[in-house]
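**Q** Generate coordinates for the sequence data below:
(3 chains, ligands or ions: 7)
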Amino acid sequence: MPTTQTFAEVFESRGISRRDFLKFCSFTSVSLGLAPSMLPKVVEAMEKKPRLPVIWLHGLECTCCTESFIRSSHPMTADLVLNMISLDYDETLNAAAGHQLEEIRKKIMKDYNGKYILAVEGNIPTKDNGVYCMIGGESFLNIVKETAAGAAAVIAWGACASFGCVQNAHPNPTGAVPVSEIIKDKPIVKVPGCPPIAEVMTGVITHFHTFGTLPELDRLGRPKAFYGTRIHDKCYRRAFYDAGMFVHAFDEESTRKGWCLYKMGCKGPTTYNSCSKIQWNAGTSFPIGSGHPCIGCSEPGFWDKGPFYTRLAEVSFLGTDTTADKIGVVAVGAAAAGAAAHAAVTAVKKQKAGNDEKK
Amino acid sequence: MSRIIEEIYVWRLPVRLYHWINALCIVVLSTTGMYIAWPLMSAPVGEAALHHSMALWRYFHYVVAFIFIGNFLYRMYYALLVNDQYARFGGFRPWSPEWWGVPFKEQVASYLFLREDEPNYVGHNPVAALAHFVFIFCGSVFMIVTGLAMYGENNPGGFTETWFGWALPLLGGSYGLRYAHHLVAWIFPFYVIVHLYAVFRHDIVDRTSVTSSIITGFKHKVEDEASV
Amino acid sequence: MAKKIVVDPIPRIEGHLRIEAKVNDANVIEDAYSTGTMWRGIEVILKDRDPRDAWAFAERICGVCTTVHALASVRCVEDALGIQIPTNARIIRNLMEATQTTQDHLVHFYHLHALDWVDVVSALKADPKQASEIAQSISPWPKSSVGYFKDLQARLVSFVESGQLGIFANGYWGHPAYKLPPEVNLIAVAHYLEALDFQKEIVKIQTIFGGKNPHPNYLVGGMACAIDINSDTAINIERLNMVKQIIDQTQTFIDQVYIPDLLAIAGYYKGWLHGGGLGNYMSYGDFPETNVNDFKSLLWPRGVILNKDLSTVIDVDPRDPNQIKEEISHSWYTYSNGSDKGLHPWQGETKPNYTGPKPPFDFLDTDKQYSWLKTPRWKDHAVEVGPLARVLVAYAKGDPMIKDTVGLVLGKLGVGPEALFSTLGRTAARGIECKQTAGFMGHFYDQLIANIKTGDFKTFNSDRWEPSSWPKECKGFGYTEAPRGALGHWIRIKNEKIDEYQIVVPSTWNASPRDGKGNSGAYESALKGTPMADPTKPLEIIRTIHSFDPCLACASH
Ligand code: HEM
Ligand code: HEM
Ligand code: NFV
Ligand code: SF4
Ligand code: SF4
Ligand code: F3S
Ligand SMILES: [Mg+2]
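**A** Ligands and ions are numbered 1, 2, ... in the order given. Purely as a prediction, here's the structure:
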């Protein structure tokens, strides 16, 4: 096994003073939103741990989770990849190719058995022996199973790996499933979003590295630190929502005044994510901040909850597309019509019975 | 003229109170709920902090929701623990094949005009009991559970979320939950129409004064002049 | 006897690409087969959806060229429904696309392509003082002191000594095809890290107008971002200042880092002019200055060049059923009316039909179907698309700006225009275009300001927003020049729903398997005839393949 360096050693060999090291630690804890009392733990973690090996697999995906990842501003991606973790296998960034690349994966699986993190980006196609995603002549399905076996934990990047993203939308032609449907015996941290916010992604990794534990997860397996509340709960347009001041069309006065996008189909009220808090691209903006309703891109199955510009999704019911309200109106109408018909028959019968009696 | 031959005190005051509180709650919850889904009041002018229209509609929905829940729990208590023969659920045994036997079939047949006479019941007729169970009991439980799960979302880790948050993953996340709550809300207007029709019809056909029974508590057995 | 070698996975691309190559005894590539090994079915998934939602699905085809599918998608829906977008929306879309092009090219050069030319390990041996001198001689970029390179080298040493090489493990370090002196390698590594840091700034322009990056939001009929210079919740002067600052920084970075590095590196490789390939080039053109159907107003012109003949540029019309057709004779699909004929995308179909070996396998049967990519052809010609195609079309059409920049680059390298028809030419064209596009960004910014100054805040046209205002049946075409080349979306709308959606992507053109006549696409052609130093370390293959900037998620979608 190669000699591995701890954080403190990396810093030392770079000629960085103890003071700067501590500063870095406290910056990290602040950016992770930790109480100052956690600082000694952070320092300790960074002093003792070798860089955490990470195998990052790509399945049925658009790679935008990786793209988002490299947009991280704190920590900066270069720092994370060079100093905090050891990103040993990642097709998008690796220098090695072909079998030399596959060798790396095998070696990490062997040398760090039970100690590496498996990060998965993308869905796993299960139909037809997994031929919809093949790498090095092997199906992605088998590669995921094989690589997960020795992993300490699994990170499911993005909506794809967490819940199933665009390729698993109806009619899901490739039988695409999220990681949790294939890997059942490992802790899985789901980091949904299409893609997730960069600092959320790097935050999840540094959490594990720093505290040696997985972040606390909510009922859907998402880290509470980033998916604890809904977009709506911390949206700057919330005052307009409460006031009933809504945008009714794109590009009208209310739009320019930044009123609430609820009636334009905003899924903020049902979407758990950090967009309205951390925001995107180092706090530059977020979808609602730039006038577009949230499409709920970190929620399970959001693709099949369209049209995006209406509050109520169209659902398939008895072979046609309809909405909850259309079903409801038809049911209530049917009840009224039924009652009327029943009343009519009752009246006719009564009349007849009356006539019979008179006879 | 028909003659009252027997007067029975069927709906005791707690049941009648329950009934009307429930009816009122359902009307208010349905309107406020639909308003939450489709807020139609046009935007007021001025500072957002001075307006609360959406917040108030939601607030009313919650207040009435908790009255609704309390009332429901009270009715459950009354049915299970108070000895009131007409209000008890004891006779309602849909798991037993017997329950689906002659009285149920007779009642269904009557509704379908397959028999001439109208079966008569002092308490609920079995079809009504079934309808109450499916629409009111199950519907209420569903609305309460999903409603509380949504309510809990306002304070993750709090009491409501801890006890009812399990409904979220079950219904495919927050959106699925809300959608289900919205969809099932339609059960109530549907049921009210059927219910009101059934009540008025029974009143006219069997002349047992069902309608007023839910106000006065009394049902009457009448004897038809013609049949004397 | 020729032997078959396989490179799979190809790293530093988007998606999953496999190359099988036949190499002869002299280690020269005789033939090559390019395979896209994944398919997701986005065209199938798009069916029956609301056309106004299509952009979001289409955008998820790719997160690397994020934006371009959304743009092509809103354009095809607007084309079908007859929607004219407001001027501000057109300018903002142009600006967002130019942002995409510059960021994508920058990331490609440093993070996806550089390691094919730059030996990271050799940088450990560099003399920081000399590196500093070289850096200062080629660029005024301030981060080029001796101390800077010394520090970087020390970090590199400690990284290598840690034993955990991460993404740099098992590279072809020391391969004879690497030609740079250690000092230039060190400079390149420094800029690899700086570019990684800087690229995330460029995309903020998309975040300002589209709310996030990757995958900013688009809107059929315009853009959702409201403009009001007197509002604190719309695009106002603060937002515009940020855009302006990013544009300035981007131009500086490209002028002072990317272009000097490109020239410095290319100078050592001008003897390696393999990988030219087809010699046919196609561009749909892009950056409309009036509207998308006014081709004269396109800043990037459209046209086709055949057989490297720069004297003639042929017109291209993607709506013409006889020009663009997708064949599937070597792809894992079927067509209802016979899989032997190509189909124009408006008549197109997507029906998967895998006939390859069951995984795990060693080789594909490349005589039969061997890829998830279809095979698009223009009037039966295989054509190359991308930066080189665009630069050549503009050059052949006499675009003064491109003529100048190309002349400058060729002059500095001391090579003639024929050097453009090569792997290196493709890489150089991307740099030339990146510089030009960064210039466009400033131009679009000025246009936006000028238009806002007239009091025009409009960003959205609501005339055809409601589905009830749509025709019962219609079809549309949307195009754009994505970073990797000509991109087209074809839609058919029926009863307010998508009836058929077909996408033909730049990387589909370039990475396509053979057509019915057995003719290769751009990747396969470019590899033929390339000598390899060591077939067990196929650096030459990935170098040429990377020069196209492959995106396989795009290509097969
Ligand atoms: C929102 C509207 C209403 C709802 C949800 C509703 C619901 C119910 C329920 C759940 C019961 C069963 C009572 C029990 O066992 O506790 C019931 C019984 C009854 N309700 Fe209503 N009710 C509504 C409106 C009305 C109205 C407006 C009337 C009369 C004009 C009415 C008349 C009656 C009568 C007569 C009974 C006793 C029926 C029987 O013998 O089965 N209800 N209702
Ligand atoms: C008869 C019973 C009820 C009806 C008909 C009803 C109806 C509705 C409707 C139509 C909505 C709007 C859903 C949407 O956004 O599309 C709603 C929302 C909601 N309901 Fe109910 N509801 C009922 C009972 C309850 C109960 C018992 C609770 C418990 C607290 C509850 C809590 C909520 C909450 C929290 C919301 C979401 C409001 C928001 O987040 O703005 N509901 N309800
Ligand atoms: N090929 C391709 Fe794209 C680009 N550029 C799309 O149109 O990369 Ni993902
Ligand atoms: S989750 Fe969305 S963004 Fe990430 S890879 Fe999947 S499609 Fe792309
Ligand atoms: S814009 Fe969306 S998230 Fe923000 S307050 Fe309105 S509904 Fe909630
Ligand atoms: S669409 Fe996605 S990016 Fe955030 S605001 Fe909504 S979760
Ligand atoms: Mg296609």
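
**Q** Now for residue C:74: which residues touch it?
**A** The contact partners of residue C:74, by C-beta atoms under 8 Å, 6 or more residues apart in numbering or on different chains, come to C:55, C:218, C:219, C:220, C:478. For the C-beta atoms, the positions are set from N, CA and C on the backbone; glycine is no exception.

**Q** so the fourth one makes contact with residue C:51?
**A** This means residue C:220. Yes. Taking contact to mean C-beta atoms under 8 Å, the distance of 7.1 Å between residue C:220 and residue C:51 places them in contact.

**Q** Do a quick rundown of the strands in the stretch 1-150 of chain C.
**A** Assignment of strands within the stretch 1-150 of chain C using DSSP state E, counting those that start in this stretch yields the ranges C:3-7, C:17-23, C:29-36.

**Q** Out of the contacts of residue C:74, which is nearest to chain A?
**A** For those, the closest approach to chain A (C-beta to the nearest C-beta) belongs to residue C:219, at 6.4 Å.

**Q** Near that closest one, how many other residues are there?
**A** 24 (other C-beta atoms under 10 Å in any protein chain shown).

**Q** Bridged to it, which residues?
**A** When bridges are taken as DSSP bridges, the partners of residue C:219 come out as residue C:222.

**Q** Can you tell me how far it is from residue B:22?
**A** 46 Å (C-beta to C-beta, to the nearest Å).

**Q** what's the burial count for the residue of the stretch 101-250 of chain C found nearest ligand 4?
**A** Closest approach between the stretch 101-250 of chain C and ligand 4, counting by C-beta to the nearest ligand atom: residue C:215, at 6.1 Å. Other residues within reach of residue C:215, judged by other C-beta under 10 Å, total 29.

**Q** What separation do you get for it and ligand 3?
**A** 12 Å (C-beta to the nearest ligand atom, to the nearest Å).

**Q** got it, and residue C:332?
**A** Counting by C-beta to the nearest ligand atom, the gap between residue C:332 and ligand 3 amounts to 19 Å.

**Q** Next up, the contacts around that residue.
**A** Contacts for residue C:332 (C-beta under 8 Å, 6+ apart) come out as C:39, C:352, C:353, C:354, C:355, C:356, C:369, C:371, C:372.

**Q** which one is the third one nearest to, not counting chain neighbours?
**A** Counting by C-beta to C-beta, 6 or more residues apart in numbering or on different chains, residue C:353 lies nearest to residue C:334, which is 4.5 Å off, once chain neighbours are set aside.

**Q** before we move on, what about the first one?
**A** Sequence neighbours aside, residue C:372 is the residue nearest to residue C:39 in space, at 4.0 Å (criterion: C-beta to C-beta, 6+ apart).

**Q** Isn't the one you found up against residue C:350?
**A** No. Between residue C:372 and residue C:350 no contact is recorded; they are 10.7 Å apart, counting by C-beta under 8 Å.

**Q** quick one, which of these two is more surrounded?
**A** residue C:372 (28 against 23).

**Q** contacting residues around residue C:316?
**A** When contacts are counted by C-beta under 8 Å, 6+ apart, residue C:316 touches C:282, C:283, C:284, C:302, C:303, C:304, C:323, C:378.

**Q** from these, which two are the most distant?
**A** Across the contacts of residue C:316, the two members that end up farthest from each other (C-beta to C-beta) are C:283 and C:323, 13.8 Å apart.

**Q** With neighbour numbers in mind, choose between these two.
**A** Under the criterion of other C-beta under 10 Å, the comparison of residue C:283 against residue C:323 puts residue C:283 first, with 29 against 16.

**Q** For the closest residue to ligand 1 within the stretch 1-150 of chain A, report the pLDDT, please.
**A** Of all residues in the stretch 1-150 of chain A, residue A:123 sits closest to ligand 1, with a separation of 45.3 Å (C-beta to the nearest ligand atom). If you check residue A:123, the pLDDT there is 97.

**Q** so who does the closest residue to it other than its chain neighbours touch?
**A** Residue nearest to residue A:123 in three dimensions, not counting chain neighbours: residue A:176, with 3.7 Å by C-beta to C-beta, 6+ apart. If a contact means C-beta under 8 Å, 6+ apart, then residue A:176 has A:60, A:123, A:124, A:125, A:126, A:132, A:160, A:164, A:167, A:168, C:40 as its contacts.

**Q** still on that earlier bit, out of the contacts of residue C:74, who's nearest residue A:81?
**A** Closest to residue A:81 out of the contacts of residue C:74 is residue C:218 (31.2 Å), distances taken as C-beta to C-beta.

**Q** is it true that residue A:108 lies in a helix?
**A** Yes. Counting by DSSP: H, G, I helix; E, B strand; the rest coil, residue A:108 is located in a helix.

**Q** Isn't it up against residue A:94?
**A** No. Judged on C-beta under 8 Å, residue A:108 makes no contact with residue A:94 at a distance of 11.9 Å.

**Q** dump the residue contacts of the closest residue to chain A within chain C.
**A** Residue of chain C nearest chain A, by C-beta to the nearest C-beta: residue C:63 (1.8 Å). Each residue near residue C:63 by C-beta under 8 Å, 6+ apart is listed here: A:61, A:62, A:63, A:64, A:65, A:66, A:67, A:68, A:195, C:14, C:214, C:215.

**Q** gap between the residue most central in space within chain B and residue B:129?
**A** Closest to where the C-alpha atoms of chain B average out (C-alpha atoms, centre = their mean) is residue B:136, at 3.7 Å. Taken as C-beta to C-beta, the spacing of residue B:136 relative to residue B:129 amounts to 10 Å.

**Q** low-confidence ranges in chain B?
**A** When the per-residue scores of chain B are filtered using pLDDT under 70, the ranges that remain are B:1-3, B:42-44, B:222-228.

**Q** Write out the residues of it neighbouring chain C.
**A** Taking C-beta under 8 Å from any C-beta of the partner chain as the test, the list of chain B residues beside chain C is empty.

**Q** Give me the neighbour count for whatever residue of chain B ends up closest to chain C.
**A** Nearest residue of chain B to chain C, counting by C-beta to the nearest C-beta: residue B:48, 11.6 Å away. A count of neighbours around residue B:48, defined by other C-beta under 10 Å, yields 20.

**Q** Can you give me every residue that contacts it?
**A** Counting by C-beta under 8 Å, 6+ apart, residue B:48 makes contact with A:239, A:240, A:242, A:243, A:245.

**Q** What about those residues, which one has the most neighbours?
**A** Of all the contacts of residue B:48, the most densely surrounded is residue A:245 (26 neighbours; neighbours counted as other C-beta under 10 Å).

**Q** any idea of the pLDDT on it?
**A** According to the model's per-residue confidence, residue A:245 sits at a pLDDT of 93.

**Q** Next, count neighbours for residue B:156.
**A** Here the neighbour count serves as a burial measure; for residue B:156 (other C-beta under 10 Å) it reads 19.

**Q** any idea how far ligand 5 is from the nearest residue to it once chain neighbours are set aside?
**A** Sequence neighbours aside, residue A:228 is the residue nearest to residue B:156 in space, at 5.6 Å (criterion: C-beta to C-beta, 6+ apart). As judged by C-beta to the nearest ligand atom, residue A:228 and ligand 5 stand 15 Å apart.

**Q** same question, residue B:25
**A** Relative to ligand 5, and taking C-beta to the nearest ligand atom, residue B:25 is found at 27 Å.

**Q** Just give me the neighbour total for that residue.
**A** Residues contacting residue B:25 under the criterion other C-beta under 10 Å number 21.

**Q** doesn't residue B:67 make contact with it?
**A** Yes. Counting by C-beta under 8 Å, residue B:25 touches residue B:67, with 5.7 Å between them.

**Q** Which residue does chain C have closest to chain B?
**A** Checked against chain B (C-beta to the nearest C-beta), the nearest residue in chain C is residue C:233, 11.6 Å away.
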